[in-house]
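Asks: Could you work out the structure for the sequence below:
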Amino acid sequence: MLLKKQVFIIDTSAILSGKPIQLNNRCMMTTPGVSDELRPGGRDYQIFEFLKETGLVIHAPSKEALAHVKATAHQTGDDARLSTADIEILALAYDVNREPETEAVILTDDYSIQNLAATLHIVFQGFSQKEITKKFKWVSRCPGCERRFQEPTKICPVCGTRTKSALRRQQDL
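Replies: Residues are numbered from 1 along each chain as shown. So this is what the prediction gives:
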């Protein structure tokens, strides 16, 4: 059996945790979106700069992977919960997994990233917190009239109240 080379995809939450990221000469990647979320100066930016000096590569995901992740996020209802950087992280991991000799491992404490990663069959590891144990499907719910909408909806078309995310279904990983 051929062992795949692990590629660790570093999310912003892993950097912001303040915990040292020591992967000992392992392949590390992140995206331009993560770089954009860190402002020059300060401890977090210094951690990011150190990671780049020790081998962290910044790589943009393919357009095809971005489209696939966005479509899947729409299906799970996670699209309203994910930032551009989050979508890039997932898409980069998806690209890495398309290569037969590599396997992506996303380092993140973001539960929405973990939820979508589980749906996309991408390995993830919590960094400062425990990982999720169930996959979730989200819908929009109106707190005014109590209606639920399968499509992400910000304002209820019936009563005009701002909607909230509500859990529709959960499933063990």
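Asks: So the residue minimising distance to the centre of the chain: helix, strand or coil?
Replies: The chain has residue 113 as the residue nearest its centroid, 2.9 Å off, counting by Cα atoms, centre = their mean. Here residue 113 is helix, with the state taken from DSSP: H, G, I helix; E, B strand; the rest coil.
Asks: Excluding chain neighbours, give the residue nearest to it in space.
Replies: Ranked by Cβ to Cβ, 6 or more residues apart in numbering and with sequence neighbours excluded, the top spatial neighbour of residue 113 is residue 86, at 5.3 Å. All C-beta spots, glycine's among them, are computed from the backbone N, C-alpha and C.
Asks: And for that neighbour, the neighbour number?
Replies: Look at residue 86: counted by other Cβ atoms under 10 Å, it has 25 neighbours.
Asks: right, and it touches residue 106 too?
Replies: No. Applying Cβ atoms under 8 Å, one finds residue 86 not in contact with residue 106, separated by 10.0 Å.
Asks: joint contacts of those two?
Replies: Residues touching both residue 86 and residue 106 (Cβ atoms under 8 Å, 6 or more residues apart in numbering) are 11, 113.
Asks: For my notes, confirm residue 166 occurs in a strand.
Replies: Yes. Judged by three-state DSSP, residue 166 forms part of a strand.
Asks: surely it meets residue 143?
Replies: No. If you go by Cβ under 8 Å, residue 166 and residue 143 don't touch, sitting 9.4 Å apart.
Asks: wait, what's in contact with the residue nearest to the centre of the chain?
Replies: Contact analysis of residue 113 by Cβ under 8 Å, 6+ apart lists 11, 82, 86, 89-90, 106, 124.
Asks: Spatially, which two of these are the most separated?
Replies: Using Cβ to Cβ, the two most remote members of those are 82 and 124, lying 13.9 Å apart.
Asks: quick one, which of the two is more surrounded?
Replies: Neighbours per residue (other Cβ under 10 Å) separate residue 82 from residue 124, with residue 124 holding more: 26 against 21.
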